[in-house]
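A.B. asks: Model the following, please.
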Amino acid sequence: MLIRKSSKTLHILLLVMQLALSLTLIWASYMKLFQSPELLSGMWPWTGELPASFVKFTGIIDFIAGIGILLPTLVNIRPRLTFAAAAGIVVLMLSALVFHISRGEPAMFNIIFGALAAFVAWGRYGNAPSR
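C.D. replies: Model (predicted):
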């Protein structure tokens, strides 16, 4: 009984982490895809220094990651894809970390979200049931 209860607790914790990652990535995607370059460069200076097509591309990647980290678990269709999405987010955050550090910008956000995604990847690889 204790194992089953902790599995349920782990599942809920993972779901909360997935929701936080999903909402943040979808918000970032919305900002990159639909907000003006002036507004974006005020928030994220790098967006005003790189081509708009690159910023839009990163917005599309954020959207795909935001959907992929949550949807398979919610609909319980191929929930193993959640692991792939979480692993992809880890790679995305590592890439962003290198990018921001190379520019002398703070990268704590990338470290925290990369760690959250790594936790989800670990949990969804087989350590917690998807339901």
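
A.B. asks: residues contacting residue 113?
C.D. replies: 21, 24, 89, 93 (C-beta atoms under 8 Å, 6 or more residues apart in numbering). C-betas here are computed from N, CA, C, even on glycine.

A.B. asks: Give me the nearest residue to the last one, chain neighbours excluded.
C.D. replies: Counting by C-beta to C-beta, 6 or more residues apart in numbering, residue 114 is the residue found nearest to residue 93 once chain neighbours are left out, at 3.3 Å.

A.B. asks: where's that neighbour relative to residue 95, distance?
C.D. replies: With the distance defined as C-beta to C-beta, to the nearest Å, residue 114 ends up 10 Å from residue 95.

A.B. asks: Then residue 26?
C.D. replies: Distance, residue 26 to residue 95, using C-beta to C-beta: 19 Å.

A.B. asks: Equivalent analysis for residue 121, please.
C.D. replies: For residue 121, the distance to residue 95 (C-beta to C-beta) stands at 16 Å.
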